[in-house]
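Chemist: Sequence isn't available, so here's the structure alone:
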């Protein structure tokens with residue numbers, strides 16, 4: 001698969017020059033408190049089914065701005081099978097399917113009690129921290145006959161139905177609700193799921209114009225979320241880690257589930273004052289995301305948890 005690396009590098013450079021010329025808000029400025037005293041917070045933005053090479057080709061100025069001063073790779077890897085159930089489970093709990101048990105979108109044989117999502121881990125380790133998730137793919141968050149990837153132990157879990165509302169509308173509403181939480185509440189860790197890119201590709205059975213437009217719309221949603229974070233009155237006293245990734249790639253006809261590079265190559269982005277910026281050259285995997293979030297919040301990952309990921313991009 002072509003990853004269009006030179007195109008992405010050029011865009012990152014252009015965005016970085018633009019930010020420098022505009023004097024963009026810098027949490028490391030002289031007016032900010034010392035880094036060690038800032039309150040760590042995490043925002044994980046999940047985009048369903050986005051191929052990194054297509055991401056590099058479409059207009060995504062908000063993601064580009066984060067990439068330009070963040071840690072990024074377009075060569076991260078998801079697990080197998082490359083479908084949403086195991087992919088999102090691995091992203092959120094930091095373990096591969098042979099441990100968390102999910103191998104399809106039915107979430108059968110899950111081991112979520114042993115391998116809970118990172119928000120639930122936060123509640124178990126630091127219950128005083130406020131956790132929040134908004135998801136419009138229902139199986140991730142609600143089921144009548146089994147456990148679900150994001151447990152009911154977190155502080156706030158908003159469940160929307162993209163099939164019922166329409167995926168563009170559901171994603172937009174998800175972002176609106178997350179913006180309200182960021183703007184009026186005091187969340188410490190959030191997960192926002194955007195499903196429209198994946199559903200659009202499936203519907204049109206391609207990675208063509210409609211799919212690319214859905215990725216551009218997801219980028220505008222990311223811009224709204226980042227703007228809400230930076231508009232917080234307490235922002236200068238906070239250390240926000242913004243993470244973004246996807247659960248799988250896809251083939252030219254919009255399908256996925258196999259073991260090809262097109263289906264298993266994903267992107268990984270980490271942005272914030274505690275991140276060492278630049279291209280990630282070490283192997284990076286979907287299971288690293290949960291561990292990176294927990295580590296940023298100061299939650300030690302107990303070896304007995306059996307997680308497969310590692311913290312990526314965080315300065316030691």
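Modeler: Good, I have the coordinates. Bear in mind that the values here come from a model prediction, so they are computed numbers and not experimental data.
Chemist: Going by C-alpha atoms from here, please, whenever you check contacts or count neighbours.
Modeler: Fine.
Chemist: Surely residue 49 touches residue 247?
Modeler: Yes: with contact taken as Cα atoms under 8 Å, residue 49 and residue 247 are classed as touching, separated by 6.0 Å.
Chemist: for residue 135, phi and psi?
Modeler: Dihedral angles of residue 135 (phi, psi; degrees, to the nearest 10) stand at phi -140, psi 140.
Chemist: can you tell me which residues contact it?
Modeler: Each residue near residue 135 by Cα atoms under 8 Å, 6 or more residues apart in numbering is listed here: 141, 158, 159, 160, 174, 192, 193, 194.
Chemist: any idea how far it lies from residue 46?
Modeler: 10 Å (Cα to Cα, to the nearest Å).
Chemist: shared neighbours of those two, which are they?
Modeler: 192, 193, 194.
Chemist: contacting residues for the last one?
Modeler: Yep, that's residue 194 we're talking about. Contacts of residue 194 by Cα under 8 Å, 6+ apart are 45, 46, 47, 48, 135, 136, 171, 174, 218.
Chemist: Okay, strands next: where are they in the stretch 51-200 of the chain?
Modeler: Here the stretch 51-200 of the chain has its strands, by DSSP state E, counting those that start in this stretch, at 71-77, 131-135, 156-159, 189-194.
Chemist: Following element in sequence after the longest helix along the chain, please.
Modeler: Identified as the longest helix of the chain according to DSSP state H is helix 209-230. Sequence-wise, the next helix or strand downstream of helix 209-230 (DSSP states H and E) is strand 238-246.
Chemist: and the helix or strand just after that next one, what other elements does it pack with?
Modeler: For strand 238-246, the following helix or strand on the C-terminal side (DSSP H and E) is helix 261-264. On a contact count with 3 or more Cα pairs under 8 Å, 6 or more residues apart in numbering; DSSP states H and E, helix 261-264 meets no helix or strand.
Chemist: any idea how far helix 261-264 is from the chain center?
Modeler: Helix 261-264 sits 18 Å away from the centroid of its parent chain (Cα atoms, centre = their mean, to the nearest Å).
Chemist: Let me see the residues that make contact with it.
Modeler: The set of residues external to helix 261-264 that reach it, using Cα under 8 Å, 6+ apart, is 1, 51, 77-80, 82, 248-251, 256-258.
Chemist: Which of those ranks first by neighbour count?
Modeler: Counting neighbours by other Cα atoms under 10 Å, residue 248 leads those with 33 neighbours.
Chemist: nearest residue to that one other than its sequence neighbours?
Modeler: Computed as Cα to Cα, 6 or more residues apart in numbering, the closest residue to residue 248 that is not its neighbour in sequence is residue 49, at 5.1 Å.
Chemist: okay if I get the contacts of residue 194 as TSV plus pLDDT and distance to residue 274?
Modeler: Formatted as TSV, these follow (pLDDT from 0 to 100; distance: Cα to Cα, whole Å):
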residue	pLDDT	distance to residue 274
45	98	18
46	98	20
47	98	23
48	98	26
135	97	27
136	97	30
171	98	29
174	98	27
218	98	25
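Chemist: Out of those residues, the closest to residue 232 would be?
Modeler: residue 45 (18.1 Å; Cα to Cα).
Chemist: neighbouring strands for the helix or strand containing that closest one, and are they parallel or not?
Modeler: Per DSSP H and E: residue 45 is located in strand 39-47. Sheet pairing of strand 39-47 (DSSP bridges) gives strand 189-194 (parallel), strand 238-246 (parallel).
Chemist: Show me how far the shortest one is from its chain's centre.
Modeler: For strand 189-194, the gap between its own C-alpha mean and the chain's C-alpha mean amounts to 7 Å (Cα atoms, centre = their mean).
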